[in-house]
Each structure stands twice: as C-alpha cells, then as structure tokens.
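predicted structure and sequence below. I'll ask about it afterward.
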Amino acid sequence: MNPPSEDDKLRRLLEVGRGLVSELDTEAVLDRILEEARAITGARYAALGVLDEPRTALERFITAGIDESTHRTIGDLPRGRGVLGALIEDPRPLRLADVGVHPQSYGFPPSHPRMETFLGVPIVIRGQAWGNLYLTEKEGGEGFDDADQEAAVVMAQWAATAIENARLYESSERRREEAERAVLGLRAARDITDAIAGVVEVDKVLELIVKRGRALVEARAVLIMLKEGDDLVVAAVAGHAEDSRGRRVPMATFTCGAALERRRPERISDLSAHSRIAPTELGVPDAHNALLVPMVHRGAGVGVLAAFDHGVGGRTFSPEDEQLLRTFAASAANAVAIHRSVEADRLRAAVTAADAERARWARELHDQTLQALGALRVLLASAQRRNPAVAGDPAITEAIQNIELEIDKLREIITDLRPTLLDDLGLGPAIETLLERRRIDGLEIVASVSMEDLEGLAPELEIVIYRLLQEALTNVARHADATKARVLVRPSDEGLIVEIQDDGAGFDAGSPTSGFGLGVMRERVYLAGGQLELDSGADGTTVRAYLPVGKPVADRRSGADQVAS
C-alpha cells in the first residue's frame, strides 16, 4: 500500500479534527486518535499513555495494532519507565531510528512484538501534560520523518482539544444529573415531610420513603427494618424483593444491627464476604452489594434503611448515595418517632381513663353497694336481737353470713380496683397484701421481692409494677389451673425485672382469644419504656417485664420499641 501524499495527510488531518471536535465520548476520542495516527503516519503500532495525578507515571496505557492474545502474552502494561519515561520527564517530541539503542531503553519483555523506529509526542491540555502519543514500526522499515512528526503533533493538538471538550461535556452532564437528582430529592423530601405532618398511618409513610429512596439511588431493592427488642423487623419493602414485612432477624448476628449500634452508615461491596445473614432471609435474593444507613432519633437507634444492588453492572453505592439516604433515614426515624409518640399519648390517655373509671367504680361500690350491704347486715342482726321469734331462725343467720361473705368479696374487688395501700403505705406493703390475698385463694406463692429496691420509684412506675403483678396473678388464679407461682422483683443493669412464673397448663400466646389481660399489661409496660416477654407452654407460663428506672417516661420513649399487638 502506497503511503499517503502530503495533500492526503493534510486533508485527513482536517477531517480528523472536525470529527474529533464533534465527539463527546472520551473513550471514543482516544480510540479514534490511535487509529488515525497509524493511518496518517504509516505506523504499525500506536499507543496512548495517560499520566497519573502527580504526572510522574502512566496511569493507563491504550494500544492499537496489538491483538488480545499478544496482550495476554506480554503481561503487565508499561508504567512509564525507560524511553516512555524520558518523554514524561521532557514533554517534547522524541523521534528515534532504533528505540533499543536509546540510553534509557529497558528493552522489551518476552513475546513483545519487534519495535525499532519510534515517534512520541506529548498531549498538552491547558499548558499541562495530559499524556503521550507513541508510534512505532513505520511501514517499509523506514524511520519517521519530519512530516510524520508534524502530523503527530497536530494529531496530539486535535486530541487535546477533543479530550478537553469531552471532559467539559462529561462534567456538565454530571452537574446536570446531580442538579436533577437534587431537585428530585427535594421533591421527595417535601412529599415525605407532608406525609409525616399527617402521620396517621406510619406504614404508608415508610412505604413512600423506600419507594422514593430506591428511585433516587437506583437500587434494586430498599428495605426499612425497625428495632424491636434485640431484633430488627422488616417494616417496608420496595423494588425487586419479596414482601418480607414482619420478618425478624437478630441484631447481634446481622450486619445491619452493627451499623445501627455504631450509628454510622456502612457501604458493603461484597455481601457474601461481609454479611453474617444472607439477604435472602430478608426477601432480597442474589444481592451483591449494599448501603446500610441507621435510623436515629434524638440519639436513639430506631431502625435501619438498607439499599441493595446499585444500578446495573455491579456498581457500588457512592458517598453521594450515602448522603442522600441519610436524609431519607432521618425522615423515616422522625415518622416512626412521631407515630410512637402519638400512639403512646393515645395509650396513656386510655390507661389514665381506665384507671379513673376503676377509681370511680371503687368509690361507688364503697359508698353505695358496700354501705347498703353493711346496713342490711346491721338491720338483720338488730332484728335477731330485738325479736326472739327470729333470733334462732337459721335462714336469717345464713343470710347474715352470706352478706358478710359478699362484703368481704366486695372489699377485695374495691381493693383490686383502687389499691389504697399503694397510696397510703407504698408499693412494698401493697405487694405483700396482694400476695397474701392470692395465697388465701389457695395459690402457693414463693416471692423474692427486695423492699429496698422498691423505694424511691416514680408513682407511675409503682402503679405499673403493682398492676402487672395483680393482672398476672389474677390470670394464674383464675385461668392457669396452677398450684404454685413464683414472684420475682430484682434490679438489673438498666432498671427492674418483674417476673411471674406458674406451673399451670399454659396457653397459646398467639391465639386472638387468649388475651387474659395481656394487652393491658403490654400497654402499661410500653408506656413505662420497658419490654414485656411471654413464654407459655405445657409446663407453665412466665411473664417477664424489663422496666427502666430513673428517667421520665417522655425521655425514654424516643427510641422505645412499638407495643406488640
């Protein structure tokens, strides 16, 4: 093939310049430069070295004219030593008849194609070296001449202009995409704020958050998991995942739990190597990478917002994605906290109303029914004393005995409704009286209650402890078919543990018909900032409550668990 004439070279350089300036893809620009440089100069091989940030070595090395199998045989690509390094140190055109005799030549690795003639020119952008264009092995074994060098210099200048244009375009596109994401993020934040402001159904707010968050970070799936005791419970799901709402995983054995404990987001590039629980257990099969952002409200961990598999092609989540999901996690934490605050206020009002109603019934039974029964007893007793005819009447005697029995039962009911001992003498004596009444009913009770640990408790917490014991022991006496019970009240690291255990037949705690006042007990413990556990089986039932001590209820509720249904 005849080499191109000078006119052909000039014409081709102009065409290349027009084409390169219109090209906005940097990779396409680089490939075009190499092919056109080979064609214009008659070089068999061409390469383009891209300098690293300090501009002391090659960060990338792109070639043309060498096939893939030869690339694999050669091995590692050059990093900018030898003759290539000379051009980096002195960015001026370098033309050699035999590259092997240059004083800085290192030679070539085994299996490298034969190369003698060499032409290298720098690519300079805004006065700074960006890289170098290398040409070797001109056709016919001739050396590169002045015309080839001039053409290569022009190609390098065209390349610099095209690369700068492509870079500016790519930077502009990134800024445009970032601006669009910011606008979408602001719209999503506004919608979420509006939804939180009327947080009637927190599930719908969380669903909105996972859907909007997934769209903005381009995740395959996004989940919200809320902290309940020592577990994380899936509360909302969006994307390519199973509807795993309600699924529980232990915090201690799950990477999400570690992120929540540390209160720091975590980006995981390889879930198979770092996650202690497979994402499949959360309904997200074949997940490869993840972004875990803790949901924190006033310093308390509420849950975790978890995104899985960023975009396509296995890309990992970026710091920008992390920052964006932080905003969504904060919104989710606020929504949950507001909902729980509203729920706590509702429960508190219901419990207060129930206690007030108990007190009203206690007063009415005491002031009316109990007084009426007492007056009837006095009347019958007086009739026996005044009228000898009825003094020995067994029916009158039996009636008086029955009235006295009902008066005793009524007093117990009044005491259950309104434990005056709790107001008059304190929690310790009230508990002792309660236990003694249940022993009279035939229940054998072994108690371990330290009176010292019950001193100085807040009045509302005293009521919670008393009502919890009262309700649990009533259930044992009336429903458990038990003969023995054990009552334990002891301090723990965070407060008090109240435990009631019986040897009864047990029951199905998950059955909707097996309430036995469990809902009321859970509500009272929930309002106190504690946690209630229930374990029931054929060998008996254990009710255990963990109650914090020393802080007002309002301060404890910011991160407390939801009351179990």
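Done, it's in. Residues are numbered from 1 along each chain as shown.

confirm that Val464 sits in a helix.
Yes - counting by DSSP: H, G, I helix; E, B strand; the rest coil, Val464 falls inside a helix.

just checking, it touches Leu547?
Yes - in this structure, Val464 is within contact of Leu547 by CB atoms under 8 Å, at 6.8 Å. Where you see a C-beta, it was placed from the backbone N, CA and C, and this is true even at glycine.

shared neighbours of the two, anything?
Contact criterion CB atoms under 8 Å, 6 or more residues apart in numbering; residues shared by Val464 and Leu547: Val525, Ala528, Gly530.

any idea how far the residue nearest to the last one when sequence neighbours are not counted is from Gly529?
Okay, so that is Gly530. If the residues on either side of it in the chain are set aside, Gly530 comes closest to Leu547, at 4.2 Å by CB to CB, 6 or more residues apart in numbering. Using CB to CB, to the nearest Å, Leu547 is found at 8 Å from Gly529.

can you tell me how far Glu139 is from His112?
Taking CB to CB, one finds Glu139 at 19 Å from His112.

could you dump the shared contacts of Val464 and Leu547 to CSV with secondary structure, neighbour count and pLDDT?
What follows is those, written out as CSV (DSSP: H, G, I helix; E, B strand; the rest coil; neighbours: other CB atoms under 10 Å; pLDDT from 0 to 100):
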residue, secondary structure, neighbour count, pLDDT
Val525, helix, 24, 82
Ala528, coil, 27, 77
Gly530, coil, 26, 81
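
which one's more surrounded, Val464 and Leu547?
The residue with more neighbours, out of Val464 and Leu547, is Val464; 27 against 24, by other CB atoms under 10 Å.

beta-bridge partners for Val124, please?
Ala129 (DSSP bridges).

which pLDDT value goes with it?
On the pLDDT scale, Val124 is placed at 84.

what's near enough to touch it?
By CB under 8 Å, 6+ apart, the contact set of Val124 is Pro91, Trp130, Ala156, Ala160.

now Arg38
Arg44, Tyr45, Ala46, Ala64, Gly65, Leu135.

where along the stretch 401-550 of the chain do the helices fall?
In the stretch 401-550 of the chain, the helices defined using DSSP state H, counting those that start in this stretch lie at 420-424, 427-440, 459-479, 518-527.

before we move on, what SS does Lys211 have?
helix.

correct me, but it touches Ile224?
No - look at Lys211 against Ile224 with CB under 8 Å: they stay out of range, at 10.9 Å.

so where's the stretch 301-450 of the chain shaky on pLDDT?
Counting by pLDDT under 70, the stretch 301-450 of the chain shows low-confidence ranges at 311-314, 339-359, 362, 366-367, 414-424.

and the strands in it, which stretches?
444-449 (DSSP state E, counting those that start in this stretch).

what stretches of the stretch 101-250 of the chain score poorly on pLDDT?
Using pLDDT under 70, the stretch 101-250 of the chain drops low at 105-107, 109-111, 178-201.

measure how buried the residue lying closest to Glu494 once chain neighbours are set aside is and give me the count.
Closest residue in space to Glu494, ignoring its immediate chain neighbours: Pro548 at 5.6 Å, by CB to CB, 6+ apart. Using other CB under 10 Å, Pro548 has 18 other residues around it.

go on, Val234?
23.

what of Ser272?
The number of residues packed near Ser272 is 10, by other CB under 10 Å.

ok, now Gly49?
When neighbours are counted by other CB under 10 Å, Gly49 registers 26.

thought it was touching Tyr134?
Yes - here Gly49 lies in contact with Tyr134, judged by CB under 8 Å, at a distance of 6.8 Å.

which residues do the two both contact?
Counting by CB under 8 Å, 6+ apart, the shared contacts of Gly49 and Tyr134 are Leu84.

quick one: contacts for the residue nearest to Arg245 when sequence neighbours are not counted?
For Arg245, ignoring the flanking residues on the chain, the nearest one in space by CB to CB, 6+ apart is Val234 at 5.3 Å. Going by CB under 8 Å, 6+ apart, Val234 touches Leu223, Ile224, Met225, Ser244, Arg245, Gly246, Arg247, Arg248, Leu282, Gly283.

redo that, cut-off 7 Å
Val234 sits next to Leu223, Met225, Ser244, Arg245, Gly246, Arg247, Leu282 when contact means CB atoms under 7 Å, 6 or more residues apart in numbering.

domains in the protein, as residue ranges please.
6-170, 199-335, 425-565 (automatic domain parsing).

tell me what Asp502 is bridged to.
Where Asp502 sits in a bridge, its partners, by DSSP bridges, are Ala485, Thr541.

hmm, Gly374 is touching Leu410, no?
No - the pair Gly374 and Leu410 fails to qualify as a contact (CB atoms under 7 Å) at a distance of 9.7 Å.

between the contacts of Val234, which is closest to Thr542?
Ranked by distance to Thr542 (CB to CB), these are led by Gly246 at 24.4 Å.

Arg55 versus that closest one, what's the distance?
Look at Gly246 and Arg55: by CB to CB, they are 57 Å apart.

so for the two, which residue has more residues nearby?
Taking other CB under 10 Å, Gly246 and Arg55 do not tie; Arg55 has more neighbours (14 against 8).

against Pro265, how distant is the residue nearest to that one when sequence neighbours are not counted?
Spatial nearest neighbour of Arg55, chain neighbours left out: Ala129 (6.0 Å); criterion: CB to CB, 6+ apart. The gap separating Ala129 from Pro265 is 39 Å, by CB to CB.

out of those two, which sits in the busier spot?
Between Ala129 and Pro265, counted using other CB under 10 Å, the more crowded position is Pro265 (20 against 15).

tell me who's in contact with the more buried one.
Residues in contact with Pro265, defined by CB under 7 Å, 6+ apart, are Ala259, Leu291, Leu292, Val293, Pro294, Glu322, Arg326.

from the residues you listed, which land in helices?
If you go by DSSP state H, those have Ala259, Glu322, Arg326 in helices.

the first one: neighbour count?
Which is Ala259. For Ala259, using other CB under 10 Å, the count is 22.

pick the one among the contacts of Pro265 closest to Met451.
Among those, Pro294 lies closest to Met451 (CB to CB), at 41.4 Å.

give me the lowest-pLDDT entry from the contacts of Pro265.
Ala259 (72).

go ahead and confirm it touches Ile268.
No - counting by CB under 7 Å, Ala259 stays clear of Ile268, with 9.4 Å between them.

at which residues are the helices of the stretch 201-350 of the chain located?
Using DSSP H, counting those that start in this stretch, helices in the stretch 201-350 of the chain cover 202-217, 255-262, 271-274, 319-364.

how about the contacts made by the residue nearest to Glu494?
Contacts of Pro548 by CB under 7 Å, 6+ apart are Glu494, Gly495, Gly529, Gly530, Arg556.

for the stretch 451-565 of the chain, which spans come out with low pLDDT?
For the stretch 451-565 of the chain, applying pLDDT under 70 flags the ranges 509-517, 550-565.

next, format the domains of the chain as CSV and append distance to Ala395.
CSV is the format used below for those (distance: least, CB to CB, whole Å):
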stretch, distance to Ala395
domain 6-170, 106
domain 199-335, 60
domain 425-565, 28
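
can you tell me the SS state at Arg55?
coil.

any idea how far it is from Leu87?
Per CB to CB, Arg55 is found 12 Å from Leu87.

can you give me phi and psi for Ala147?
Dihedral pair for Ala147: phi -60, psi -40, per degrees, to the nearest 10.

report how many residues lie close to it.
Ala147 has 14 nearby residues by other CB under 10 Å.

for it, give its distance to Thr136.
Distance, Ala147 to Thr136, by CB to CB: 17 Å.

so Pro91 is in contact with Trp130, correct?
No - Pro91 is beyond contact range of Trp130, at 9.7 Å (criterion: CB under 7 Å).

residues near Lys484, how many?
For Lys484, the neighbour count with other CB under 10 Å is 14.
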